[in-house]
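*Asks:* Sequence first, then the predicted structure:
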Amino acid sequence: MIDGYVHVIAGLAVCSRAADVWTTYLVTPTLKLEANPVARRFGWKFAFLTILVGLVAYASPPMGVVLLTASFLVAASNASKIVMAKAMGEEQLAAFSRRVTLETPPWPGLLFLVMPAFFIATLGGAILFFYPQASEWGYDIGLGMLAYASAICVWYPVRYFRVRAEAKKAA
């Protein structure tokens, strides 16, 4: 028998994945600005399929909490870019992002890109400190924050170096 809270976690996890996909679409309909090369390569069909990952909560409620935490954080980050994307358009925003990437020296550029990950990981670590038992929900929320911080530390530099490499080839 499945406890009622599992349905809530699965519903929130599916909603968090849908929020990630929806906010991504609002910022970058052609995925030109998508940092994750897997999502860029396989496109929107793949992105929509990732919504179903929220159902992992039925197999593992704690993993569902980790997923919904990380996905809502991704959606929040995406949402912070919607106004600029709508005002400038995806092509202009991509050009602006490319210009900023190329005009910023690598060391401070990378440092500033991953700085949010440090703050989020610090908060996630603090939550883990106060909820050290894997049986506590705070533990899974802390892990979700660390997962999101890790994604920033992986995908932001990947995109940063990809943009720099593409510019080098074009020159």
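*Replies:* Here it is on my side, so go on. Bear in mind that the values here come from a model prediction, so they are computed numbers and not experimental data. Residues are numbered from 1 along each chain as shown.
*Asks:* From the centroid of the protein, which residue is nearest?
*Replies:* Nearest to the centroid of the C-alpha atoms of the chain, with distances taken as CA atoms, centre = their mean, sits Val74, at 3.4 Å.
*Asks:* For the residue lying closest to that residue once chain neighbours are set aside, which residues are in contact?
*Replies:* The spatially closest residue to Val74, leaving aside those adjacent along the chain, is Asp20, at 4.8 Å (CB to CB, 6 or more residues apart in numbering). (C-beta placed from N, C-alpha, C; glycine too.) Residues in contact with Asp20, defined by CB atoms under 8 Å, 6 or more residues apart in numbering, are 50, 71, 74-75, 78.
*Asks:* still on that earlier bit, average pLDDT for the strand or helix carrying the residue nearest to the centre of the chain, rounded please.
*Replies:* Element membership for Val74, per DSSP states H and E: helix 61-79. Here the mean pLDDT over helix 61-79 is 98, rounded to a whole number.
*Asks:* Which helix or strand lies directly C-terminal to that helix?
*Replies:* Helices and strands here follow DSSP H and E; after helix 61-79, the next one along the chain is helix 82-88.
*Asks:* one step back: the residue nearest to the centre of the chain: what's it in contact with?
*Replies:* When the contact criterion is CB under 8 Å, 6+ apart, the partners of Val74 are 20, 23, 148, 151.
*Asks:* before we move on, what about Gly4?
*Replies:* Neighbouring residues of Gly4 by CB under 8 Å, 6+ apart: there are none.
*Asks:* Could you do the one 10 residues further on as well?
*Replies:* For Val14, the contact set (CB under 8 Å, 6+ apart) comprises 51-52, 54-55.
*Asks:* For the closest residue to Leu67 other than its chain neighbours, list the residues it contacts.
*Replies:* Counting by CB to CB, 6+ apart, Ala13 is the residue found nearest to Leu67 once chain neighbours are left out, at 5.1 Å. With contacts defined as CB under 8 Å, 6+ apart, the neighbours of Ala13 are 53-57, 64-65, 67-68, 71.
*Asks:* quick one: what helix or strand has Ala13 in it?
*Replies:* Using DSSP H and E, Ala13 sits in helix 4-27.
*Asks:* between that helix and helix 61-79, how many degrees?
*Replies:* Note on geometry: by axes from the mean of the first three to the mean of the last three CA atoms, to 10 degrees, helix 4-27 and helix 61-79 are set 20 degrees apart in direction.
*Asks:* what's the average pLDDT for helix 4-27?
*Replies:* When the per-residue pLDDT values of helix 4-27 are averaged, the result is 97.
*Asks:* same check, this time on stretch 162-171
*Replies:* Stretch 162-171 shows a mean pLDDT of 87.
*Asks:* swap in stretch 145-158?
*Replies:* Model confidence over stretch 145-158 averages 96 on the pLDDT scale.
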